[in-house]
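1. the following comprises the amino acid sequence and a computationally predicted model.
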Amino acid sequence: MKTLKQILIILVLSVAIGLIVNAVNPKGIPLVVDMKKYSTEKSDKLKEDFINNPYDTSKNDAPLMQNPHLNKEGFVEPQNIKLDFAKILFDKNALFFDGRIPEDYKAGHIKGAISVPYEEFHKKSKEERIEMMKGYNKNGIIVCYCIGGDCEMSIDLAYDIAKLGFTSMNIYLGGYKEWENAGYPVEK
């Protein structure tokens, strides 16, 4: 019984010390996360915020939002988004990049999306990537996607672009397949 009591005391003290260290550490892990920011549900508040946005995004020249988390490597990490949020961004004229190979892009893509094949982009030098992205607003909203499911090209593409200083990168995880199945605008 005495051993159990000692184990409990050590456990409670360990947890308390861990919580205190985490609380005072500027890079501590948040114990409560505001998931509404990353919500996948259709929330009237979220839609209202974007509908009433004071910025004119018709030319993708002002961010609807920026990810406030600067990565330790010095870039703003892309955010994962789901179908409903991708559609909101689409309706606000966000820029969509299709990371699939050109043949897949030609077979069908999200309406207005630009083909930026990840494999080709990733093979380029940093200078070539910078030149390729030169015409795009670094603070404009960009959504990267691929086919969806297990495809990770959109993730890798978004991170490669974010490392060039782009601050509002989003990764649409559902991809082209989910978008098309939802009946949203596509081009073939």
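-> The structure has been received and is ready for your questions. Numbering: from 1, shown residues only.
2. from now on I want contacts and neighbour counts done on CA atoms only, so please keep to that.
-> OK.
3. contacting residues for the residue lying closest to Gly149 once chain neighbours are set aside?
-> Nearest residue to Gly149, sequence neighbours excluded (Cα to Cα, 6 or more residues apart in numbering): Gly174, at 6.5 Å. If a contact means Cα atoms under 8 Å, 6 or more residues apart in numbering, then Gly174 has 82-83, 145, 147-149 as its contacts.
4. ok, Gly174 to Ile81 distance?
-> 8 Å (Cα to Cα, to the nearest Å).
5. same thing with Cys144?
-> 10 Å.
6. which of those two has more residues huddled nearby?
-> Cys144 (32 against 18; other Cα atoms under 10 Å).
7. which element is the more buried one on?
-> Cys144 belongs to strand 142-145 when assigned by DSSP states H and E.
8. right, and the helix or strand after that strand?
-> helix 153-162.
9. helices or strands next to the helix or strand just after that next one in the packing?
-> Using DSSP H and E, the helix or strand that directly follows helix 153-162 along the chain is strand 169-172. Packed against strand 169-172, as judged by 3 or more Cα pairs under 8 Å, 6 or more residues apart in numbering; DSSP states H and E, are the following elements: strand 79-81, strand 142-145, helix 153-162.
10. what do you get if the cut-off is 10 Å, keeping everything else the same?
-> With contacts taken as 3 or more Cα pairs under 10 Å, 6 or more residues apart in numbering; DSSP states H and E, strand 169-172 sits against strand 79-81, helix 83-91, strand 95-98, strand 142-145, helix 153-162.
11. the third one pairs with which strands?
-> Strand 95-98 has its sheet partners listed here by DSSP bridges as strand 114-115 (parallel), strand 142-145 (parallel).
12. quick one: mean pLDDT for the last one?
-> Read it as strand 142-145. Average pLDDT, strand 142-145: 94.
13. and if you look at the first one?
-> This predicted structure assigns strand 114-115 an average pLDDT of 94.
14. got the domain boundaries for the chain?
-> Residue ranges for each domain of the chain read 1-31, 33-187, as given by automatic domain parsing.
15. what lies in contact with whichever strand or helix holds Asp104?
-> In this assignment (DSSP H and E), Asp104 forms part of helix 102-107. For helix 102-107, the external contacting residues (Cα atoms under 10 Å, 6 or more residues apart in numbering) are 98-100, 113-117, 120, 146-147, 176, 187-188.
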